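> give me a model of this one.
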Amino acid sequence: MRWPRPTRLERPVGELSGVGPKLAARAAEAGVETIFDLLWRVPRAYGEIPDRVALDRLKPGEPAIVAIELLSARTVRTRRRRFSLIEARVADDSGEMKAVWFNQPWVADRLRPGTRYLLEGRLESKGFTVAGLEPAGPGPAAAGPESGPEPAAGENPVGKGVAAATAVVAGRPRGTVAEWGSGGPPGL
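Model prediction:
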């Protein structure tokens, strides 16, 4: 078996096939300068990130992200075959609401009452229709000091002009690949 050389990870992203000077410059603005930087980017969603909104300030039909605490969840049986529905009661500091997942039966196994989530979706007549779910940790949904600063309204945390694939930076280990030796990055 032939293992790849770790030093290749320190090469600039501009050396990748299909990455020209313009894309390399935009990636550098977003903090991605090496292949290693690119590998430590974790996709979050495609397109613009909607603003985080309190439940009582949701507007019908507008995309939003809400930080909530899950109160309860249940799978609803429907008459239609191959159609699944999950309903949940969710709350934040501003109130309670019903959240609905359509045709995502695997979500039921992941939902835990008392856990905080970030839900991406839109308010519809039947409740908040969820398109994306991210765990935010245990406990109340109120943002505390540990949650860090929020991006300003309309601000893309990835970088200017980079909207095609927004991302969240994972905790990158310190040092370079050459400094780690054969043991890999510290802490992994």
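
> hang on, residue 56 in a helix?
Yes. Using DSSP: H, G, I helix; E, B strand; the rest coil, the assignment for residue 56 is a helix.

> gap between the residue nearest to it when sequence neighbours are not counted and residue 59?
With Cβ to Cβ, 6 or more residues apart in numbering as the criterion, residue 56 has its nearest non-adjacent residue at 3.8 Å, and that residue is residue 94. The C-beta positions use only the backbone N, C-alpha and C, and glycine is treated the same way. Distance, residue 94 to residue 59, by Cβ to Cβ, to the nearest Å: 14 Å.

> comparing these two, which shows the higher neighbour count?
residue 94 (14 against 10; other Cβ atoms under 10 Å).

> distance check, that one against residue 67.
11 Å.

> list the buried residues of the longest helix along the chain.
For the chain, the helix with the greatest residue count under DSSP state H is helix 21-29. The neighbour-count check on helix 21-29 (16 or more other Cβ atoms under 10 Å) flags 24, 26, 27 as buried.

> what's the local residue count around the nearest residue to the first one once chain neighbours are set aside?
Using Cβ to Cβ, 6+ apart and skipping residues adjacent in sequence, the residue nearest residue 24 is residue 14, 3.8 Å away. Under the neighbour criterion other Cβ under 10 Å, residue 14 is assigned a count of 15.
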